[in-house]
Structures are given as structure tokens and as C-alpha cells.
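Chemist: got a structure for you, letters missing:
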């Protein structure tokens with residue numbers, strides 16, 4: 001009875017370890033994928049915010065001239 005229980009516990013431990021490793025691998029791949037497109041999206045959003053800010057507040061634009 002003890003050998004059967006021990007083998008079952010080892011099986012559960014192996015299953016838990018592989019499940020954990022699978023979750024960590026998936027998380028790391030998602031993080032790596034997001035890293036590929038996050039910087040360009042961030043830069044475009046910042047440029048859009050700057051453009052909108054200059055449109056709504058023309059005095060902040062260095063190229064704007066009221067004269």
C-alpha cells in the first residue's frame with residue numbers, strides 16, 4: 001500500500017511541476033510577444049498625445065507664430 005501511495009504522490013508532483021513549467025513558459029512567450037509590439041505602439045500614442053496637445057494648445061508649439 002505504501003509503494004502505491006508513494007508512486008501516486010510522485011505522479012501528482014510531476015504533474016504539478018510540468019503544469020507550472022507550462023504556465024511559466026506560456027507567460028514568458030506572451031511577454032516576449034508583447035515586447036515586440038509594445039514600444040512602437042507606445043511611441044505612436046505619445047506622438048498622438050503631443051500632436052493633440054499642440055492642436056488644443058497652440059502656444060505650446062514652437063513653430064506656431066501669432067504674428
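Modeler: Good, I have the coordinates. For clarity, every value in this text was computed on a predicted model and none was experimentally measured.

Chemist: what stretches of this structure score poorly on pLDDT?
Modeler: Counting by pLDDT under 70, the chain contains low-confidence ranges at 1, 61, 64-67.

Chemist: Which of the three states applies to residue 62?
Modeler: coil (DSSP: H, G, I helix; E, B strand; the rest coil).

Chemist: what about the helices in this structure?
Modeler: Using DSSP state H, the helices of the chain run over 2-56.

Chemist: tally of neighbours for residue 18?
Modeler: Counted by other Cβ atoms under 10 Å, the residues lying close to residue 18 total 10. C-betas here are computed from N, CA, C, even on glycine.

Chemist: how close does it sit to residue 12?
Modeler: Separation of residue 18 from residue 12 (Cβ to Cβ, to the nearest Å) stands at 11 Å.

Chemist: and residue 40, what does it touch?
Modeler: By Cβ atoms under 8 Å, 6 or more residues apart in numbering, no residues touch residue 40.

Chemist: what separates it from residue 46, distance-wise?
Modeler: Residue 40 is 11 Å from residue 46, by Cβ to Cβ.

Chemist: What of residue 12?
Modeler: Taking Cβ to Cβ, one finds residue 12 at 49 Å from residue 46.
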